[in-house]
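Q: Next input, structure requested:
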Amino acid sequence: MSDVLIFTHIDYCPPGHLGQVLEQAGCSFRVLRADLGELDGIDLERPKAVAIMGGPMSVNDPLPWLQTEVAALQQLIRREIPLIGHCLGGQLLAKALGAEVTRMPYTESGWQTLSRQPGAANSPWLAHLPAEFPMFQWHGDSFAIPAGAQPLLSSPWCSNQAFAWGDKVLALQGHPEMTEALVREWLGDWHHLLDDSQASQQSRAQMLADLPAKVAELNRAAEGFYRHWLQLAGL
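A: Next comes the predicted model:
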């Protein structure tokens, strides 16, 4: 069993930059496809850290494997294992902690500015970040803040962009894991799902403009999240 498990839900939402960070840190990790039943039989008493990636489904969809994953996350939460959720992964953490995940009246997509929530100034998850910074977004659902959690970030289109629960759980609504290749892949395969007449969505051209610089800034933000997550796990 690897020290780090990564739960994924579809082929085009891989670990991305997170995988690169783990490789550079010399951390062993295993990628599991929760939607293909690969959580079945996994010994959840062994991993030291778990990341949960994104996907196009809703946590409210009637899919048995989603129930299996939520139960797995609840077990990991009880074990106080460091957990970090990305988009759908953040929503799954919210559901595992008893919070609602609901459909927004629009889709938030593109490079959106996140702002630190009042009271989050001293959060160790945000220690490496300025008061405002951009993150790549693509979601139509949003999580509520679980009871006892600390709201961390908001955007103009989604008031709940991140929360911390206890000292070892971070749920993010956005996609800090994106690489240049992944952004281009999504915008090549799925641009027809976008509607830039909505103020909450950027056009494909806006998303691709100055992409190397945008991804480099995003990578720096992501690396701060991932470093803290690994430190909590003793890795």
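
Q: ok, the residue nearest the centre of the chain to L172 distance?
A: For the chain, the residue whose C-alpha lies nearest the mean C-alpha position (CA atoms, centre = their mean) is H86; its distance is 0.9 Å. Between H86 and L172 the computed distance is 6 Å (CB to CB, to the nearest Å). Heads up, the C-betas are built off the backbone N, CA and C, glycines and all.

Q: likewise G224?
A: Between G224 and L172 the distance, using CB to CB, works out to 12 Å.

Q: higher neighbour count, the two?
A: Neighbours per residue, other CB atoms under 10 Å: of G224 and L172, the larger number sits with L172, 28 against 17.

Q: and that one, what does it touch?
A: Each residue near L172 by CB atoms under 8 Å, 6 or more residues apart in numbering is listed here: I84, G85, H86, C87, G89, G90, M135, L153, Q161, A162, F225.

Q: now do L22
A: Each residue near L22 by CB under 8 Å, 6+ apart is listed here: V4, P15, F29, Y226.

Q: How about D40: what's its closest non-neighbour residue?
A: Once flanking residues are discounted, D40 sits nearest to T68: 7.0 Å by CB to CB, 6 or more residues apart in numbering.

Q: now do T107
A: Spatially, and ignoring its direct neighbours in sequence, T107 is nearest to G140 (4.6 Å; CB to CB, 6+ apart).

Q: One more: G16?
A: In space, and not counting its chain neighbours, G16 is closest to E177: 3.7 Å by CB to CB, 6+ apart.

Q: so how far is C158 from that neighbour?
A: If you go by CB to CB, the gap between E177 and C158 works out to 18 Å.

Q: cool, G119 as well?
A: Summarising the geometry, the distance separating G119 from C158, computed by CB to CB, is 18 Å.

Q: the more surrounded of those two?
A: Here G119 and C158 are set side by side on neighbour count (other CB under 10 Å), and the busier one is C158, at 22 against 10.

Q: show me the contacts for the residue nearest to D35 when sequence neighbours are not counted.
A: Nearest residue to D35 in three dimensions, chain neighbours excluded: H9, at 4.9 Å (CB to CB, 6+ apart). Residues in contact with H9 (CB under 8 Å, 6+ apart) are R33, A34, D35, M53, G54, G55, M57, L88.
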